[in-house]
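Undergrad: I need the structure of the sequence given here:
(2 chains)
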Amino acid sequence: MSAVSVLLARETALAWGKGGGPMVAVGFYAGVATLLPLAVGSEPERLAAIAPGAAWVALALAALLSLDRLFERDYEDGALDLLTLSPVPLEIICAVKCLAQWLATGLPLACAAPVAAIALGASPQLSGLVIACALLGGLAFSFMGGIGAALSLGARRGGLLTAVIVLPLFVPPVIFGGGALASLEAGLPWKAGFALLGAYGAAAVALGPIAMAAACRNALS
Amino acid sequence: MISEVSIQSLALSRGGRQLFSRLILRLGAGEAVALTGRNGAGKTSLLRAIAGLIAPDEGVIAFGDIDPTEAREAMHLLGHLDGLKSSRTARDELSFWTGFAGGADSAVEAAAARLELLPLLELEVRRLSAGQRRRLALARLLAAPRPLWLLDEPLSPLDAEWRTRFGEIMGEHLATGGMILAAVHDPLPLAARTVEIGR
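TA: Predicted coordinates:
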């Protein structure tokens, strides 16, 4: 198990490291959240109506940012070859990489999400659910996004390809999370949407690594 | 732990082109084999096939009675892609690969000392010369002992002195029952059987 812990430590250090990581993701998130009112108009009522959804879509986009670096770096410098020569199954290695990516971008984004939502005019009572949704949704974004990142290994302009593969996979969590937030704001039952988001996150964590490992093996062979 | 590699009538192809077929090779404990052959003959591909990264067209790669998936944790692969992250320090990278390959933390210093990397450990990998970088990659093999070394052009960035010293290191590895399979253009600095790849 120590191999897994050293891998997690290194992956997190790499994800937090220079030229990317949490500051870029949060900065991008803040940028998108600021652009939105400029585009749709800044009347408070209109903004407040779309605030939770807008914060949520911006979150999905920000989660995309660092995905292309998830496997590409290790693929290019040969580290992925060496990672396969270990007692740790490739599926676990992929899961650890996604977990580290979530720690470095998902967690900071979840902390920034309620700030962006409130700035757009969402009611502060939503904050708890916004954070919970962002944490769970971020997990789904990382693990589903990893599939796209692994599939586009070796492709030129892989980052763009990753986005095209991954965005459809982001549809369910955006619907469930956005639905839960909208329901809570309207005073309707929100638990069903949140539970579905949790289920999607759990499925992503369980099935994503299998698909990622298969895609990595294919890219290496 | 594995103590033999036996390859039976192996055929490999890359990109729809067959590199070689009916390759037979046996490597026992304490043996070194130098793989030679022209560029593109399939030396690197053979090493990657042994490491389980490429599936052969036909033939068998066996490691005695050890299961191939288990055998993979008993081998080191060293190629021109060394897996070292240029933005991290030499120490970070060496201790990561050592820990990940199951080596002890204390072995990191010893291996670095052996390859005269101690003054370089706090530098980012990008600051190292090609030869120093290769020595860092080699330190990994010493810090986390594994019986089978698959080396792809291990000598190329090393100077004459370090080629000799790497020869000594390989000799010690063989003396402890290790196995070395090295793709080379220049002769290995130790006694080794030569196998030419390619039709």
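
Undergrad: can we go C-alpha only for contacts and neighbour counts from here?
TA: Noted.

Undergrad: just the residues contacting stretch B:38-51, thanks.
TA: A:85, B:12, B:19-20, B:35-37, B:54-56, B:61, B:72, B:75, B:77, B:150-152, B:181, B:183, B:197-198 (CA atoms under 8 Å, 6 or more residues apart in numbering or on different chains).

Undergrad: of these, buried ones?
TA: When those are checked for burial by 16 or more other CA atoms under 10 Å in any protein chain shown, the buried set is A:85, B:12, B:19-20, B:35-37, B:54-56, B:61, B:72, B:75, B:77, B:150-152, B:181, B:183, B:197-198.

Undergrad: where does the prediction get shaky in the chain?
TA: As the question left the chain open, I've gone with chain A. A:1, A:18-20 (pLDDT under 70).

Undergrad: please go with chain B instead
TA: Scanning chain B for pLDDT under 70 picks out B:199.

Undergrad: with adjacent residues omitted, what lies nearest to whatever residue of it ends up closest to chain A?
TA: Minimum separation of chain B from chain A (CA to the nearest CA) falls at B:G83, amounting to 3.7 Å. Of all residues beyond its chain neighbours, the one nearest B:G83 is A:A79 (3.7 Å), with distances taken as CA to CA, 6 or more residues apart in numbering or on different chains.

Undergrad: these two touch, right, that neighbour and B:L84?
TA: Yes - between A:A79 and B:L84 there is a contact under CA atoms under 8 Å: 6.9 Å.

Undergrad: compare those two (neighbour count), which wins?
TA: B:L84 (24 against 18; other CA atoms under 10 Å in any protein chain shown).

Undergrad: the spatially most central residue of chain A: what secondary structure?
TA: Against the mean C-alpha coordinate of chain A, by CA atoms, centre = their mean, the closest residue is A:F141 at 3.3 Å. Here A:F141 is recorded as helix under DSSP: H, G, I helix; E, B strand; the rest coil.

Undergrad: please name the nearest non-neighbouring residue to A:V40.
TA: A:L47 (7.9 Å).

Undergrad: quick one: contacts for that neighbour?
TA: By CA under 8 Å, 6+ apart, the neighbours of A:L47 are A:P37, A:V40, A:G41, A:L120, A:G121.

Undergrad: tell me which entries of these lie within helices.
TA: Counting by DSSP state H, the part of the contacts of A:L47 found in helices is A:P37, A:V40.

Undergrad: pull out the buried members of the contacts of A:L47.
TA: Buried among the contacts of A:L47 (16+ other CA under 10 Å): A:P37, A:L120, A:G121.

Undergrad: so the last one touches A:A55, yeah?
TA: No - between A:G121 and A:A55 there is no contact under CA under 8 Å: 10.4 Å.

Undergrad: please report how far the residue nearest to the centre of chain A lies from A:G159.
TA: Using CA to CA, to the nearest Å, A:F141 is found at 15 Å from A:G159.

Undergrad: check A:L99 too.
TA: 19 Å.

Undergrad: quick check, stretch B:52-72 touching chain A?
TA: Yes - with CA under 8 Å from any CA of the partner chain as the criterion, chain A is reached by stretch B:52-72 at B:L53, B:I54, B:A55, B:E70, B:R72.

Undergrad: tabulate those (a markdown table), appending secondary structure.
TA: Formatted as a markdown table, the residues of stretch B:52-72 next to chain A follow (three-state DSSP):
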| residue | secondary structure |
| --- | --- |
| B:L53 | coil |
| B:I54 | coil |
| B:A55 | coil |
| B:E70 | helix |
| B:R72 | helix |
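
Undergrad: circling back to that earlier point, and the contacts of stretch B:38-51, which of them are in strands?
TA: Among these, the members found in strands (DSSP state E) are B:12, B:19-20, B:35-36, B:61, B:75, B:77, B:150-152, B:181, B:183.

Undergrad: contacting residues around the residue of chain A found nearest chain B?
TA: As assessed by CA to the nearest CA, chain B sits closest to A:A79 within chain A, at 3.7 Å. Contact analysis of A:A79 by CA under 8 Å, 6+ apart lists B:L81, B:D82, B:G83, B:L84.

Undergrad: beta partners for the closest residue to B:L35 other than its chain neighbours?
TA: Residue nearest to B:L35 in three dimensions, not counting chain neighbours: B:A183, with 4.5 Å by CA to CA, 6+ apart. Assessed by DSSP bridges, B:A183 has beta-bridge partners B:L35, B:D152.

Undergrad: and what of B:E124?
TA: Going by DSSP bridges, B:E124 forms beta bridges with B:T89.

Undergrad: residues in contact with it?
TA: Counting by CA under 8 Å, 6+ apart, B:E124 has contacts B:S86, B:S87, B:R88, B:T89, B:A90.

Undergrad: can you tell me how far it is from A:T162?
TA: 30 Å.

Undergrad: likewise A:A213?
TA: 16 Å.

Undergrad: what would the longest helix seen in chain B look like as PDB? C-alpha coordinates only.
TA: For chain B, the longest helix by residue count, based on DSSP H, is helix B:160-175. Extracted in PDB, the C-alpha atoms of helix B:160-175 (Å, rounded to 0.1, in the frame of the first residue of the first chain):
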ATOM      1  CA  ALA B 160      33.800   7.000 -20.900                       C
ATOM      2  CA  GLU B 161      34.400   6.900 -17.100                       C
ATOM      3  CA  TRP B 162      30.800   6.400 -16.300                       C
ATOM      4  CA  ARG B 163      30.400   3.700 -18.900                       C
ATOM      5  CA  THR B 164      33.200   1.700 -17.100                       C
ATOM      6  CA  ARG B 165      31.600   2.400 -13.700                       C
ATOM      7  CA  PHE B 166      28.200   1.300 -15.000                       C
ATOM      8  CA  GLY B 167      29.900  -1.800 -16.300                       C
ATOM      9  CA  GLU B 168      31.000  -2.500 -12.700                       C
ATOM     10  CA  ILE B 169      27.500  -1.800 -11.400                       C
ATOM     11  CA  MET B 170      26.000  -4.200 -13.900                       C
ATOM     12  CA  GLY B 171      28.600  -6.800 -13.000                       C
ATOM     13  CA  GLU B 172      27.600  -6.600  -9.300                       C
ATOM     14  CA  HIS B 173      24.000  -7.000 -10.300                       C
ATOM     15  CA  LEU B 174      24.800 -10.100 -12.200                       C
ATOM     16  CA  ALA B 175      26.900 -11.400  -9.300                       C
END
